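S.K.: Give me a 3D structure for the following:
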Amino acid sequence: MVDLQKVISSMGKINNADRLVCQYTNMITSSSGFWVGDDPLDYGSPLLMAQLILIFFITRTTYFLLRPLGQTMAISQIIAGIIINPSIIGRDTIYARKLFPPGGIVVLETLANFILMLYVFMLGVQVDTTLIKNIGKKATVIGVSSFVFPYFLGGAAYFIIRRFATVETEAEIGLRFVMALNSMTSFVVITDLLTELKILNSELGRLASSCSLISSTCGWLLTFIMTNLNLSRRDSLVTMNLSIAILIGFYTTMIFVLRPLVIWIVRDTPEGKIIKHSHFLTILLIVLGTGLCGEFIGQRGAFSAFILGVVLPDGPPLGTTLAKKIKVIVSGFLLPVFCAISGLRTQVLSIKTSSSIVIEVLILLGYVVKFITVTLTSLYFNFSFYDAVPLAMIMSCRGVMEIAILSMWIESNVINRQLFTLSIFTMVVITGFATPTIRRLYDPSKRYIPHKRKTILYIAPNTELRVLVCIHNEENVPAIIDLLEATNSTRASPVSIIVLQLTELTGRAQSILAPHHRRNNRPPSSNANMTRSERIVKAFESFEKCNQGNFVVQHFTAEAPYASMHADICTLALDRRTTIIIIPFHKQWAIDGTLEATFASIRAVNQQVMHKAPCSVGVLIDRGPIREKNRPTLLGLKMAGQPLYQIAMLFIGGYDDREALAYGIRMAEHRNVSFTIVHLRSNNTCEKDTREDEELINDIRANVGVKNKKKIIYREEIVKDGVGTTKVVRTLEDGFDLIVVGRHHAPDSIPTWGLSEWSECTELGLVGDMLATSDFEFSVLVVQQQPEGAELVESPKKTVSRGRYGDKRIYHDYSEDENDHSQSHILSP
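M.R.: Alright, predicted model coming up:
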């Protein structure tokens, strides 16, 4: 006889199918405390808190342990859910009874379904459906074939295997659904995976995103068909037709009523801002209402919310608001609850030896056929084997969306627990193996290796100089325009400028790198209503007009995560064969000289660019607001005929200093620029300039005061250490607007002794860091000739040694070849 007073909640079966959970109503809320004899875990609220804490702790611990093995957060969450499963930890009956009693599981499942609805809505908003019309032939063929072949070959294998093996009737129908799911590749899962692998905006990442979008479209169409066929199997043809009509009306209402309503709600949101709190709550209410209506007509609330998200416009302001307001709490804290519930549904004991082998073979067959199909199709389109294999692995990965679909199917009795468990386990193994393998096989930075030497120092006379400038915000524009003006474009040696506006990817899943006019389809705006991007374009158009055609400016836009933003910069530099990339420093100064803002994410981008760029790089440290108290910009000097713009070059020696000096010599040819070379040397007779440094300096000294080099001043300063170098720099403080310096110098160079002791920004080099972190009022340009560790692609052409200090590599001696028609990866504007 059971003492009912000691039973908190119990579960049993009704009609051998449905579950019935019984619980005292006074046990649903909070307890009175352990000091009055209550066990808090016997009550709903404390139990839910304990469950959330346990799930979060196990999820984070699992991720901490698996991250060194290359696993993503999604896989860690799934594994953590399996660990919490009664088949593992839950084998302890005390643990299962206390932390996961029947009543507690019901509450947790309800919370998990609500979390899933918000999460998939957020994912749906990030999907840009307009990308489908721009997807190329290769991605379309790969995407369609990766879905069609696994589905039909898997179905054929299913009917063949049925003749030789037996599968339970309850698993037979569900197996068809699982095989259809394995044929599909979820777009939102793949983009999330690519983001975590930091290859979302790589060439392979963009291809994988496009292929998965095509595959997802095929999968959702098939799911819609199969769902209604399943309905017709259970009900009459009239019921099926009525259901289809209601569904079409439901989705039509989303497109033609809810979408315009949401757009109207957010229409007045200022650029760069999130939507109002009241508007955000209204949109959440629309999401809940859509989910509720979906449940009334037989569609899962989560699926209805996802479709609503897809039909809404992606990106800001809605996508940005969702990312800032609910992404952290939903994705980081509450989503593991859903994964834990999925783990609780997996039961190792449900796997039956008699049929599990047949089911597992058919599930694995879907993965194998997809892998082979994507690999062969990619090879057919002349992809390299080392690109085809990672692409096939990416397309075979699974994530939260697949778990959500499987969970909906097991709740609807479409699949049984054995099929669910085998699907989850296979998903974890395949994705867990593929993720670190992709990291190992695919390195996008290898594509940035140039076939030609791209430096200012070795560019042929009267050749076009191509400069890629990166813009993060409007504050970067004046200083960069000053530098470009000083670069001295002429008819004989023109300057081609590629302006790349960089924006963090928020609110959408797919990264973007495209000509600006293809991203900006808005009609021309008045000056008062211009967006940030339009104002930047307007500034460069005015600059181009003022120089009467000496400069040619092209505009590009890139939206990418900061972790992989350098890939867009390097890709565009390689595609446009640029000679130098100009990137703004990550710190900004106010007009009074104080540090106004520091952007750690931009610093990370700069470090990656300097490490992987296919050409020279210049970091521009702008102290323009301080300088402009006393004098106008260089362009203003040119137009007003004012005194010269003073530029100084600190030359210590080394390949970067030679590149910086070559840039400075070009700037010295500008009629409004005066250029001073400060050669820092020591009295130590053992330290001498290298042959390259000596030849370059002697050539400059011989030509000082001759022809167009009359405004070049050369002077030597003898210093004993870094303190002496600092004193020399102090003498330049009041007389110069811009200081140019190389990043690296000769090893153990005496002028740099002691500077490393207080180095803060190592990416600038010792002298550059000293100039950036001190309270000087001039701007600084730190130049790097070649990213450290980069090599050129082998070529049969003649090579010559460019002997860096201790560097035995051989570099190709190329000038700019105007007949170079290498394949372009970026659409021309």
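S.K.: ok, Ser756 to Glu475 distance?
M.R.: According to C-beta to C-beta, to the nearest Å, Ser756 stands 31 Å off from Glu475. C-beta: built from backbone N, CA, C; applies to glycine.
S.K.: More neighbours: those two, which one.
M.R.: Comparing Ser756 with Glu475 by other C-beta atoms under 10 Å, the one with more neighbours is Glu475, at 16 against 11.
S.K.: Tell me the bridge partners for the closest residue to that one other than its chain neighbours.
M.R.: Among residues not flanking Glu475 along the chain, Gln588 sits closest, at 6.0 Å (C-beta to C-beta, 6 or more residues apart in numbering). Beta-bridge pairing of Gln588 under DSSP bridges involves Ala597.
S.K.: Go ahead and name everything in contact with stretch 173-185.
M.R.: 143, 146-148, 150-151, 154-155, 158, 167, 211-212, 215-216, 218-219, 222-223, 226, 230, 359, 362-363, 366-367, 370, 395-397, 402, 405-406, 409, 414-416, 419, 423 (C-beta atoms under 8 Å, 6 or more residues apart in numbering).
S.K.: from the chain's centre, how far out does it sit?
M.R.: Counting by C-alpha atoms, centre = their mean, to the nearest Å, stretch 173-185 is centred 30 Å from the centre of its parent chain.
S.K.: I figured the residue nearest to Glu475 hits Leu620, correct?
M.R.: No - taking contacts as C-beta atoms under 8 Å, Gln588 lies outside contact range of Leu620: 11.6 Å.
S.K.: Show me which residues of stretch 363-370 are buried.
M.R.: Within stretch 363-370, the residues scored as buried using 16 or more other C-beta atoms under 10 Å are Ile363, Leu365, Gly366, Tyr367, Val369, Lys370.
S.K.: Ignore what I typed, I meant stretch 455-471.
M.R.: 455-459, 464-471.
S.K.: and what of stretch 599-606?
M.R.: Phe599, Ile602, Arg603, Ala604, Val605, Asn606.
S.K.: Can you tell me what sits against it?
M.R.: 472, 502, 504, 562-563, 565-566, 569, 583-587, 619, 761, 763.
S.K.: Now restrict these to buried residues only.
M.R.: For the contacts of stretch 599-606, buried by 16+ other C-beta under 10 Å: 472, 502, 562-563, 565-566, 569, 583-587, 619, 761, 763.
S.K.: tell me which element Thr503 falls in.
M.R.: For Thr503, the enclosing helix or strand under DSSP states H and E is strand 495-504.
S.K.: Show me what the helix or strand that comes right after that strand is packed up against.
M.R.: Later in the chain than strand 495-504, the nearest helix or strand by DSSP H and E is strand 512-515. Packing partners of strand 512-515 (3 or more C-beta pairs under 8 Å, 6 or more residues apart in numbering; DSSP states H and E): strand 551-560, helix 565-575.
S.K.: low-confidence ranges in the stretch 201-350 of the chain?
M.R.: Low-confidence segments of the stretch 201-350 of the chain, defined by pLDDT under 70: 224, 226-237, 240, 272, 349-350.
S.K.: Please, where are all the helices along it?
M.R.: 203-234, 237-253, 259-266, 277-296, 301-311, 318-325, 327, 335-345 (DSSP state H, counting those that start in this stretch).
S.K.: And those: which comes nearest Leu513?
M.R.: Taking C-beta to C-beta, helix 203-234 is the member of these nearest to Leu513, at 8.1 Å.
S.K.: residues contacting Ala171?
M.R.: Ser355, Ile359, Ile415, Asn416, Gln418, Leu419.
S.K.: The first one: how many residues sit nearby?
M.R.: So that's Ser355. 19.
S.K.: Now do stretch 137-147, average pLDDT.
M.R.: Stretch 137-147 shows a mean pLDDT of 91.
S.K.: ok, now stretch 102-119?
M.R.: So the average pLDDT for stretch 102-119 ends up being 82.
S.K.: Against Lys711, how distant is the most centrally placed residue in the chain?
M.R.: In the chain, the C-alpha nearest the mean C-alpha coordinate belongs to Pro561, at 3.1 Å (C-alpha atoms, centre = their mean). Separation of Pro561 from Lys711 (C-beta to C-beta): 45 Å.
S.K.: next one: stretch 278-297 to chain centre, how far?
M.R.: 30 Å.
S.K.: what does stretch 144-161 give?
M.R.: 34 Å.
S.K.: Now do the buried residues in it.
M.R.: Those would be 144-147, 149-151, 153-155, 157-158, 161, for stretch 144-161 by 16+ other C-beta under 10 Å.
S.K.: Export those residues as JSON lines, with columns for secondary structure and distance to Asn134.
M.R.: Shown next, in JSON lines, are the buried residues of stretch 144-161 (DSSP: H, G, I helix; E, B strand; the rest coil; distance: C-beta to C-beta, whole Å):
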{"residue": "Val144", "secondary structure": "helix", "distance to Asn134": "16"}
{"residue": "Ser145", "secondary structure": "helix", "distance to Asn134": "20"}
{"residue": "Ser146", "secondary structure": "helix", "distance to Asn134": "19"}
{"residue": "Phe147", "secondary structure": "helix", "distance to Asn134": "20"}
{"residue": "Phe149", "secondary structure": "helix", "distance to Asn134": "25"}
{"residue": "Pro150", "secondary structure": "helix", "distance to Asn134": "26"}
{"residue": "Tyr151", "secondary structure": "helix", "distance to Asn134": "26"}
{"residue": "Leu153", "secondary structure": "helix", "distance to Asn134": "30"}
{"residue": "Gly154", "secondary structure": "helix", "distance to Asn134": "31"}
{"residue": "Gly155", "secondary structure": "helix", "distance to Asn134": "32"}
{"residue": "Ala157", "secondary structure": "helix", "distance to Asn134": "35"}
{"residue": "Tyr158", "secondary structure": "helix", "distance to Asn134": "36"}
{"residue": "Ile161", "secondary structure": "helix", "distance to Asn134": "41"}
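S.K.: mind listing the strands in the stretch 351-500 of the chain by residue range?
M.R.: Per DSSP state E, counting those that start in this stretch, the stretch 351-500 of the chain carries strands over the ranges 465-471, 495-504.
S.K.: My guess is Leu650 contacts Val729. True?
M.R.: Yes - the pair Leu650 / Val729 is scored as a contact, 7.3 Å apart, by C-beta under 8 Å.
S.K.: Overlap in contacts, the two.
M.R.: With C-beta under 8 Å, 6+ apart as the test, Leu650 and Val729 both reach Ile739.
S.K.: For these two, indicate the residue with more neighbours.
M.R.: Leu650 (27 against 23).
S.K.: and that one, which of the three is it?
M.R.: strand (DSSP: H, G, I helix; E, B strand; the rest coil).
S.K.: Tell me what it is bridged to.
M.R.: Val678, Val741.
S.K.: Any idea how many residues pack against Phe425?
M.R.: Phe425 has 17 nearby residues by other C-beta under 10 Å.
S.K.: just checking, it touches Ser342?
M.R.: No - counting by C-beta under 8 Å, Phe425 stays clear of Ser342, with 11.6 Å between them.
S.K.: what's Ser489 in contact with, if anything?
M.R.: Leu465, Val495, Asn547, Asn550, Phe551.
S.K.: quick check, nearest of the contacts of stretch 599-606 to Asn698?
M.R.: For the contacts of stretch 599-606, the nearest to Asn698 is Val619 (28.9 Å; C-beta to C-beta).
S.K.: Now for that closest one: which residues touch it?
M.R.: By C-beta under 8 Å, 6+ apart, the contact set of Val619 is Ile583, Pro584, Phe585, Asn606, Met610, Glu763, Leu764, Gly768, Leu781, Val782, Gln784.
S.K.: Equivalent analysis for Pro461, please.
M.R.: So Pro461 contacts Ser493 (C-beta under 8 Å, 6+ apart).
S.K.: Do you know the pLDDT at it?
M.R.: 75.
S.K.: any idea how far it lies from Leu483?
M.R.: From Pro461 to Leu483 the distance is 22 Å (C-beta to C-beta).
S.K.: For stretch 535-554, output the C-alpha coordinates as CSV.
M.R.: Once non-C-alpha atoms are left out, stretch 535-554 reads as follows in CSV (Å, rounded to 0.1, in the frame of the first residue of the first chain):
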residue,chain,number,x,y,z
ARG,A,535,27.2,60.0,-45.9
ILE,A,536,30.5,58.1,-46.2
VAL,A,537,30.0,57.5,-49.9
LYS,A,538,29.1,61.2,-50.4
ALA,A,539,32.3,62.3,-48.6
PHE,A,540,34.5,60.2,-51.0
GLU,A,541,32.5,61.3,-54.0
SER,A,542,33.2,65.0,-53.0
PHE,A,543,36.9,64.1,-52.6
GLU,A,544,37.0,62.5,-56.0
LYS,A,545,35.3,65.5,-57.6
CYS,A,546,37.7,68.0,-55.9
ASN,A,547,40.7,66.2,-57.4
GLN,A,548,39.3,66.4,-61.0
GLY,A,549,39.5,62.8,-61.8
ASN,A,550,43.0,62.0,-60.5
PHE,A,551,41.5,59.5,-58.1
VAL,A,552,39.1,56.7,-59.1
VAL,A,553,37.0,55.5,-56.2
GLN,A,554,35.0,52.3,-55.9
